[in-house]
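K.L.:
Give me a model of this one.
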Amino acid sequence: MSRIGKLPVQIPEKVTVNVNNGLVSVTGPKGSLELQTRPEVTIEVQNNEVVVTRHNDEKASRSYHGLYRQLVRNMIQGVTTGFQKVLLINGVGYRAEVKDNILTLNLGYSLPIEYIIPEGISITADGPAKLTVSGISKEKVGKCAAEIRSLRGPEPYKGKGIKYEDETIRRKVGKSGGKK
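P.N.:
Next up, the predicted model:
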């Protein structure tokens, strides 16, 4: 039995979970999310808990068992507290600015990069070198943060670029001048 999949997910107050023909919808104070499930697993609401069960012990069923339990847990956490990722911008002249739903990044290229903020995501610039990406969907927040980071990933020699706040960059020693 899956150690993660067999754990029930507690439903907090102010959150409602509905399951209808494989469609799980979670509504809370921050918004609502929906998830279409696969036929290998069954999701039920029992005694203020969400329980995920699988139909058989095939490999696909076992892997979806833990996956859908975590997806439902992330949905419940998203509509109650939300998710956020913090990005740090390091480099001379590198900066970010948010206007309406457009993020403008100056990252050392000849022209600034304009990134259109997706629906359901909010980005705030805490100073010119710090961005906070937040939303209720963990998947969308992670994808948006990864797309912004990929515009100028951190390089290993000086550490210039965009990195996550909790990310550690393995630094390399530069080329030594040496004798000819």
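K.L.:
separation between residue 48 and residue 15?
P.N.:
10 Å (Cβ to Cβ, to the nearest Å). From N, CA and C alone the C-beta is placed, and that goes for glycine too.
K.L.:
Of the two, give the one with the bigger neighbour count.
P.N.:
Between residue 48 and residue 15, counted using other Cβ atoms under 10 Å, residue 15 has the larger neighbour count: 19 against 12.
K.L.:
List the contacts of the longest helix seen in the chain.
P.N.:
Secondary structure of the chain per DSSP state H: the longest helix is helix 59-80. By Cβ atoms under 8 Å, 6 or more residues apart in numbering, the residues outside helix 59-80 that reach it are 2-7, 9, 11-12, 14-15, 17, 24, 26-33, 35, 37-38, 40-41, 43, 50, 52-55, 83, 135-138.
K.L.:
can you do 7 Å?
P.N.:
2, 4-5, 7, 9, 11-12, 15, 24, 26-33, 35, 37-38, 40-41, 43, 50, 52, 54-55, 136-138 (Cβ atoms under 7 Å, 6 or more residues apart in numbering).
K.L.:
Turn the buried ones among the residues you listed into a named PyMOL selection, would you?
P.N.:
Burial among those is assessed by 16 or more other Cβ atoms under 10 Å; the matching PyMOL selection reads:
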select buried, resi 2+5+9+11+15+24+26+27+28+33+35+37+40+41+43+50+52+54+136+137+138
